[in-house]
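S.K.: A structural model of the following input is requested.
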Amino acid sequence: MFLNDPYPGDIRVFKESDALMKAGFEVHLLCLRKNATQPLQERLENGFFIHRVTTDSSTFQKGIWDIVIATFWKHPLFYRRARKLCGQHAFEAVHVHDLPLAYTAFSLAEEFGAAKVLDLHENYPEALAVWFQWRKNPFIRLKNNIFFNYKKWSGYEINAIKRADHVITVVEEMRDRMIEVSGERDEKFSVVSNTEQSGFVQQVNDPEVYEDWKKEFIITYTGNVGPHRGVDTVVKGMQYLKDIKDCKLVVAGSMNDAVRNYLIGLCTELGIEKNVRLLGYQPFSKFFSFMKNASINVIPHNSNPHTDHTIPHKLFQCMMVGRPVIVSSCKPLKRVVESVEAGKVFQAGNAEGFASKVRELYNNRILTEKLAKNGLGATLEGKYNWDTDARTLVNYYQSIA
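M.R.: A predicted model of the protein is given here:
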């Protein structure tokens with residue numbers, strides 16, 4: 001496996017490698033080294049082999065390497081290290097996560113006669129436009145316009161799909177889109193979604209995670225905060241819930257200073273400072289408790305070609321903890337939540353519409369419990385669990401082994 005990020009940290013990589021190893025496969029991961037404390041090479045207790053590539057971890061240096069990839073479509077350090085590994089191990093497949101390292105991985109696979117598997121976590125060309133939406137630095141904006149524009153990466157994506165032997169996506173909407181843009185046959189694609197392992201609910205629950213708010217009606221957003229995630233819509237929605245004195249919003253997730261200042265400004269402008277807490281970064285081990293002890297979990301993603309072709313792990317995590325979810329009208333979110341009646345859907349970007357769904361659940365606790373129960377059943381007993389998706393992944397690899 002190739003990953004253009006440090007490991008551990010990517011939950012999808014963990015789940016996929018774990019499923020393959022349990023099925024009897026030997027799995028190696030080539031990834032970035034986060035810092036000098038991480039060994040260049042190690043074998044984890046579960047048998048997972050980790051090989052790390054050292055690059056400067058500063059934001060500036062990472063930007064330089066991103067430009068190198070966008071210019072030559074290959075990462076020379078990954079290529080050199082991977083070529084050495086391919087000479088030491090008889091790999092039957094090369095599995096690359098997302099677009100940036102696709103050509104690097106495929107070049108090695110073709111040289112050594114291995115299957116080429118492309119695992120697309122999201123609509124990467126569209127994601128680039130969304131990720132940089134709030135960037136104001138003129139140098140960074142110029143760099144992104146030159147090296148990370150939609151047209152450039154869209155063409156790269158189509159070529160990578162055609163070059164791959166098999167393509168894995170996280171949602172049906174993304175699979176259908178790729179079939180349309182590439183003209184490739186249906187059987188070349190598999191959907192392995194971001195569902196959760198049942199063991200997620202076995203974590204230690206900390207009922208004190210909300211401290212003095214633990215008896216309030218809490219709406220919780222967990223995860224990174226950025227332009228495409230719609231957290232500003234939820235914050236704006238709180239102005240329509242001022243009359244519900246015990247209704248509070250908690251945002252638990254990483255955000256840069258620009259995002260934090262923007263959201264703080266919104267709270268001040270709308271007079272809701274006392275009803276909103278921006279907690280910032282939280283250890284992943286706490287997310288279960290934040291979800292479990294919330295009254296409602298919310299996923300308010302803005303609707304665009306990026307968010308309409310991916311789905312977050314936390315949707316299935318929120319359902320699995322037995323709490324109702326309020327989601328925006330992004331196609332995959334809406335489809336899943338409405339299909340099992342696990343929550344409510346509001347029009348993406350509509351703050352007042354979001355508030356009306358909160359009010360509906362606040363005033364109808366019987367409905368709230370019903371939706372929570374439906375979500376719990378769909379993830380622990382229904383098809384929206386990792387056992388189902390892991391089987392799809394393993395079946396493919398067994399078919400080519």
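
S.K.: please count neighbours and contacts with C-alpha atoms only from this point.
M.R.: Noted.

S.K.: surely Phe189 touches Thr169?
M.R.: Yes: checked against Cα atoms under 8 Å, the pair Phe189 and Thr169 is within contact range at 7.4 Å.

S.K.: overlap in contacts of those two?
M.R.: Arg175 (Cα atoms under 8 Å, 6 or more residues apart in numbering).

S.K.: those two: which is more packed in?
M.R.: When Phe189 and Thr169 are compared on other Cα atoms under 10 Å, the one with more neighbours turns out to be Thr169, at 25 against 22.

S.K.: tell me the pLDDT of Thr55.
M.R.: As summarised for this prediction, Thr55 has a pLDDT of 85.

S.K.: could you do Trp131 as well?
M.R.: At Trp131, the pLDDT value in this model is 69.

S.K.: over to the one 5 residues further on?
M.R.: Listed pLDDT for Lys136 reads 62.

S.K.: before we move on, what about Arg260?
M.R.: Looking at Arg260, the pLDDT reads 93.

S.K.: so it, which of the three states?
M.R.: helix (DSSP: H, G, I helix; E, B strand; the rest coil).

S.K.: now do the same contact list for it.
M.R.: Arg260 sits next to Leu278 when contact means Cα under 8 Å, 6+ apart.

S.K.: the same query, at a cut-off of 6 Å, please.
M.R.: Neighbour list for Arg260: empty [criterion: Cα atoms under 6 Å, 6 or more residues apart in numbering].

S.K.: how far away is it from Gly353?
M.R.: Applying Cα to Cα, to the nearest Å, one obtains 24 Å for the distance of Arg260 from Gly353.

S.K.: quick one: the strands in the stretch 201-350 of the chain?
M.R.: Secondary structure of the stretch 201-350 of the chain by DSSP state E, counting those that start in this stretch: the strands cover 217-222, 247-252, 276-280, 296-299, 325-328, 343-346.

S.K.: got TSV for those strands, with mean neighbour count too?
M.R.: Converted to TSV, those look like this (neighbours: other Cα atoms under 10 Å):
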stretch	mean neighbour count
strand 217-222	23
strand 247-252	22
strand 276-280	17
strand 296-299	26
strand 325-328	26
strand 343-346	23
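
S.K.: same list, the ones you listed, but as CSV with mean pLDDT and distance to Tyr240 please.
M.R.: Below are these laid out as CSV (pLDDT from 0 to 100; distance: least, Cα to Cα, whole Å):
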stretch, mean pLDDT, distance to Tyr240
strand 217-222, 98, 14
strand 247-252, 98, 11
strand 276-280, 96, 13
strand 296-299, 98, 16
strand 325-328, 98, 16
strand 343-346, 98, 15
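
S.K.: pLDDT weak spots in the protein?
M.R.: 57, 131-143, 227 (pLDDT under 70).

S.K.: nearest residue to the middle of it?
M.R.: Central residue check for the chain by Cα atoms, centre = their mean: the C-alpha nearest the mean position is that of Pro312, 4.6 Å away.

S.K.: look at Ile366 and say how many residues are nearby.
M.R.: Here the count is done by other Cα under 10 Å, and Ile366 has 11 residues near it.

S.K.: state the distance from it to Glu360.
M.R.: 11 Å.

S.K.: I'd say Ser328 and Lys344 touch.
M.R.: No: the pair Ser328 and Lys344 does not pass the contact test of Cα atoms under 6 Å, sitting 8.5 Å apart.

S.K.: overlap in contacts, Ile366 and Glu360.
M.R.: With the criterion set as Cα under 6 Å, 6+ apart, the contacts of Ile366 and Glu360 do not overlap.

S.K.: before we move on, back to that, which strand or helix spans the nearest residue to the residue nearest to the centre of the chain once chain neighbours are set aside?
M.R.: Nearest residue to Pro312, sequence neighbours excluded (Cα to Cα, 6 or more residues apart in numbering): Asn194, at 6.5 Å. With the criterion set as DSSP states H and E, no secondary-structure element contains Asn194; it sits in neither a helix nor a strand.

S.K.: which phi and psi does Asn194 have?
M.R.: Here the main-chain torsion angles of Asn194 (degrees, to the nearest 10) amount to phi -90, psi 40.

S.K.: cool, Asp98 as well?
M.R.: Dihedral angles for Asp98 - degrees, to the nearest 10 - are phi 70, psi 170.

S.K.: for Phe2, same thing?
M.R.: Residue torsions, per degrees, to the nearest 10, at Phe2 are phi -110, psi 140.

S.K.: do the one 4 residues further on as well
M.R.: Per-residue torsions, Pro6: phi -70, psi 160 (degrees, to the nearest 10).

S.K.: for the nearest residue to Gly271 once chain neighbours are set aside, give its distance to Leu270.
M.R.: Spatially, and ignoring its direct neighbours in sequence, Gly271 is nearest to Gln239 (7.6 Å; Cα to Cα, 6+ apart). Spatial separation of Gln239 from Leu270 under the definition Cα to Cα is 6 Å.
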